[in-house]
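1. Have a look at this fold, sequence not included:
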């Protein structure tokens, strides 16, 4: 390419991220599956566009423009809009290989996933400034205890510093899995955001586990996203229904190739 006089060519090339078909498929399945955490489902048109991306026919920007036009023209409800846009953004983030172990990464993921998705009264890319509760069916209507909003930054700073100083060297794969699981469960328990915590932590967790060198069975998030969230609830619950076994089984299947039966019925019958 010829450049006008006095104009220099760019010194950096645009990074092209060409992933194989099966990896793109797995990432989109994970993105769609994670919407089930909040009982959301993508539109049929979003699924069609996803396959065009999987087949290498369309990039994320083109899909975003097309799905946004579809939402306006078809007057799609807010839940479907959220499922479509957040799925697209999860697939986009998981296609990248950039990760930094820092609370700012959590903030950046949340901002990317939910900008212009949540209503104005829900902060995006910012830690919550109110305390929150949520009635959990898996706890028979009781709520998990999340961090006080006053303690979010200090708690995350402590958890991240401890993880940054931790050495996985010399550990067995089973020990590595249990430690990484506990770290991610602790981050989730803080619930730093007003909404969108589980999807944000899931994306963060997938990126971190890949950085640690784990091979991830993405089908676990696509097929058992609701189980994953309920297992986190039971892991940190301060009461008789506390049970760490369900989350351990999920992570052993996710990272170690084990075949535990992940039963929602068993989880809800947990004593």
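-> All right, it came through fine. As the structure is a prediction and not an experimental result, all values here were calculated from the model. Residues are numbered from 1 along each chain as shown.
2. When you work out contacts or count neighbours from here on, use the C-alpha atoms and nothing else.
-> Noted.
3. Which residues are in contact with residue 88?
-> 28, 31, 50, 60, 64 (C-alpha atoms under 8 Å, 6 or more residues apart in numbering).
4. Would you mind listing where the stretch 151-271 of the chain has pLDDT under the threshold?
-> Applying pLDDT under 70 to the stretch 151-271 of the chain flags the ranges 271.
5. Phi, psi for residue 143 please.
-> Per-residue torsions, residue 143: phi -110, psi 150 (degrees, to the nearest 10).
6. who does it bridge with?
-> Counting by DSSP bridges, residue 143 is bridged to residue 135.
7. what's the pLDDT at it?
-> According to the prediction, residue 143 has pLDDT 86.
8. go on, residue 3?
-> For residue 3, the model assigns a pLDDT of 50.
9. Show me where the stretch 101-250 of the chain has its strands.
-> Applying DSSP state E, counting those that start in this stretch to the stretch 101-250 of the chain gives no strands.
10. Can you list the residue ranges for helices in it?
-> Secondary structure of the stretch 101-250 of the chain (DSSP state H, counting those that start in this stretch): helices at 103-114, 152-164, 173-190, 197-211, 219-223, 225-236, 245-256.
11. would you list those helices in CSV and tack on distance to residue 79?
-> Converted to CSV, those look like this (distance: least, C-alpha to C-alpha, whole Å):
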stretch, distance to residue 79
helix 103-114, 13
helix 152-164, 28
helix 173-190, 23
helix 197-211, 15
helix 219-223, 18
helix 225-236, 17
helix 245-256, 27
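12. Grab the nearest non-local neighbour of residue 227.
-> Closest residue to residue 227 apart from its sequence neighbours, by C-alpha to C-alpha, 6 or more residues apart in numbering: residue 264 at 6.2 Å.
13. number of nearby residues for the one you found?
-> With neighbours defined by other C-alpha atoms under 10 Å, the count for residue 264 comes to 17.
14. Next, find the distance separating it from residue 240.
-> Noted for residue 264: a distance of 18 Å to residue 240, by C-alpha to C-alpha, to the nearest Å.
15. can you check residue 186 too?
-> 19 Å.
16. Look at the two and report which has more neighbours.
-> Counted by other C-alpha under 10 Å, residue 186 and residue 240 do not tie: residue 186 has more neighbours, with 17 against 10.
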